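Enquirer: Okay, sequence plus prediction incoming.
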Amino acid sequence: DGGITQSPKYLFRKEGQNVTLSCEQNLNHDAMYWYRQDPGQGLRLIYYSQIVNDFQKGDIAEGYSVSREKKESFPLTVTSAQKNPTAFYLCASRSIGGWNIQYFGAGTRLSVL
Amino acid sequence: SQQGEEDPQALSIQEGENATMNCSYKTSINNLQWYRQNSGRGLVHLILIRSNEREKHSGRLRVTLDTSKKSSSLLITASRAADTASYFCATDAGETSGSRLTFGEGTQLTVNP
């Protein structure tokens, strides 16, 4: 069953805590993306990676970190420096070449305790 | 920053009616895409229109693109209750933008049975 799997579906963060959101894909896609979505709004790009061991900051990278050690995986860490982390986080991937059509996971909803 | 702006922000219609959503953008694009998002879920790609195309159809969807006005519209004909979702336009400025998609803030469509 091919696709993008995000886990967990719901996550709660305590003040001062770092939390990591998982994103795994078995579509053999080269590029992966992390977006943040606030209620009633569009998607804002946090980080993206077009190849293993390389990634670029998006528009709102402050307070977040990523790694890309494997093609299939692109975890996002929300650090304690992110003062307003409550949001819906979406991971996406696409194959390099052709049209830039992105495939999305089901999302992780992060809340602050 | 978000390039795309969509209007209306919310649209409520009766089943069987047509729904039209508009998207405006600011910079040159390689292509423009429309995505759908059911509440609390990830986005699903609907249709892509290239910068040299003016109109494209897919089932009950019709997309137009006017690059001189930097605008696009999505028409859903003979709407169904199952079409209730948020619809986002996304612009792709090509490799010069790092192969990023820039999303609008979306139109929330409600189709009443």
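Expert: Perfect, thanks for sending it. Numbering: from 1, shown residues only, chains lettered A, B, ... in the order given.

Enquirer: Is the residue most central in space within chain A bridged to anything, and to what?
Expert: Chain A has residue A:34 as the residue nearest its centroid, 3.0 Å off, counting by Cα atoms, centre = their mean. Beta bridges link residue A:34 to residue A:47, residue A:91, judged by DSSP bridges.

Enquirer: Just give the nearest non-adjacent residue to residue B:58, would you?
Expert: residue B:47 (5.0 Å; Cβ to Cβ, 6 or more residues apart in numbering or on different chains). C-beta: built from backbone N, CA, C; applies to glycine.

Enquirer: In terms of secondary structure, what does the helix or strand of chain B with the lowest mean pLDDT contact?
Expert: Least confident helix or strand of chain B, by mean pLDDT, DSSP states H and E, is strand B:5-7 with a mean of 82. Contacts defined by 3 or more Cβ pairs under 8 Å, 6 or more residues apart in numbering or on different chains; DSSP states H and E place strand B:5-7 against strand B:19-24, strand B:85-92.

Enquirer: Partner strands of whichever helix or strand comes after the first one and their direction?
Expert: So the one you mean is strand B:19-24. Following strand B:19-24 in sequence order, the next helix or strand is strand B:31-37 (DSSP states H and E). Pairing partners of strand B:31-37, with direction, according to DSSP bridges: strand B:43-50 (antiparallel), strand B:85-92 (antiparallel).

Enquirer: Averaged pLDDT, stretch A:99-112. What do you get?
Expert: Per-residue pLDDT over stretch A:99-112 has a mean of 94.

Enquirer: Can you point out the buried residues in it?
Expert: A:100, A:101, A:102, A:103, A:104, A:105, A:107, A:108, A:110 (16 or more other Cβ atoms under 10 Å in any protein chain shown).

Enquirer: What's opposite residue B:35 in the beta bridge?
Expert: residue B:45, residue B:88.

Enquirer: Who are the contact partners of it?
Expert: B:43, B:44, B:45, B:46, B:87, B:88, B:89, B:90, B:103 (Cβ atoms under 8 Å, 6 or more residues apart in numbering or on different chains).
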